[in-house]
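# Sequence plus predicted model, see below.
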Amino acid sequence: MAEKLKKPEYRRMYGVLKENLARNFGKGFFAVFLFEILQIVFLSLEVVLLSGPASSVFFPDNSGAPGIGGTVLLAALLFVAQCFVGVLTFGLISYVTELVLNKKAGLADLFCGFFEKTGRVWQGAALHALIYLVAAGILALIAFLNSSLIASVMEDISAGKTDSLFKLAGIGSVIFIFILIVLEIPFLFAWNIIREDSSVTVSAAFKKSFSLMIRNYFHFAGYIIFVNLKNLAIIAVIYALTFFVLQKVFKAVPVIMALMNFYLFVQQYTVLMKIYFALPVYYYSLLSINGFIPQKQNLKQQNLLPGDTAQ
């Protein structure tokens, strides 16, 4: 794979994606929603541990700053929680891929990673969890370099200015998500590679994913933005209306606010669903256009070829 890879066309892949979403919108939306609920459950268990049995370790002197033991404990709990989330992610990608390939798929496939006998899914989940910790470490470093700013925000919070807390949390979340996406993109194909090749090792799957994706990094990122452009624009408009233009109106009429929040919820989950469906579409399109998939006729029957440009 040292040669330059051909890039699949956005519009052709988007046509395949639209067809799959039209056929599987309800299934996909519910699967992503269930996945997010389960992810919240795993991360909530971590919060429960930190606020309960582990609180004396995390906050040894009842202060707002964790000690060394608390930091290590937090990292360990994050790692374990993200391992479970990683195994669930494998299940979700497997489920969505089955739908894209026009194969039978059930919601039980979401949990298939927990029953994979070779242990490769757990190993892959551990690697993804390490990437998550690296992203968290980078965010912590950024926070350390801006400690004076954070200290002033904490003073505002102590003075009862809760808006500062929400702003800090919002900015921190955006920075963390951006870092995580940048680090994760090269390894997104690893789950599909592990899924379709029972003999591949986890390290080989991650290397192959990196090899395929690193040369198409910005092309893939652009594709994800392209297929979600309309939804992202709607989300931006809703946020602008909510926080800058019609904030007083929404507060005065709670029903309108509730409707806007519900519509925002639908748009956000639609974006997530499109991303999960777009991943196998891009993966198989990239493989087929570069001649890595020999069964061309089968792929045409499954509507996964990006077109005659593969010749």
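Looks like it arrived, so ask away. Remember, it's a predicted structure, so these values are computed and weren't measured experimentally.
# contacts and neighbour counts: CA atoms only from here.
Will do.
# need the contact list for Val96.
If a contact means Cα atoms under 8 Å, 6 or more residues apart in numbering, then Val96 has Gly28, Tyr276, Phe277, Pro280 as its contacts.
# Looking at the residues you listed, which are in helices?
Among these, the members found in helices (DSSP state H) are Gly28, Tyr276, Phe277, Pro280.
# quick check: mean pLDDT across the helix or strand in which Ser148 is found?
Using DSSP states H and E, Ser148 sits in helix 147-158. Mean per-residue pLDDT for helix 147-158: 75.
# Ok, stretch 214-233 next?
Averaged across stretch 214-233, pLDDT comes to 93.
# and that stretch, how far from the chain's centre?
From the chain centre to the centre of stretch 214-233 is a distance of 14 Å (Cα atoms, centre = their mean, to the nearest Å).
# What's the local residue count around the nearest residue in space to Gln123 that is not next to it in sequence?
Closest residue to Gln123 in three dimensions, ignoring its sequence neighbours and counting by Cα to Cα, 6 or more residues apart in numbering: Val202, at 6.8 Å. Val202 sits with 21 neighbouring residues when counted by other Cα atoms under 10 Å.
# and what of Ala108?
Neighbours of Ala108 under the rule other Cα under 10 Å: 10.
# Per-residue confidence at it, what does it come out as?
Looking at Ala108, its pLDDT stands at 88.
# Give me the phi and psi for it.
phi -60, psi -20 (degrees, to the nearest 10).
# check contacts around it.
Applying Cα under 8 Å, 6+ apart, no residues qualify as near Ala108.
# same check, this time on the one 3 residues further on
The neighbourhood of Phe111, defined by Cα under 8 Å, 6+ apart, consists of Val87, Leu88, Gly91.
# if we can go back for a sec, can you give me the buried ones in the helix holding Ser148?
Buried residues in helix 147-158, counted by 16 or more other Cα atoms under 10 Å: Ile150, Val153, Met154.
# Out of the residues you listed, which comes closest to Met213?
Ile150 (36.4 Å; Cα to Cα).
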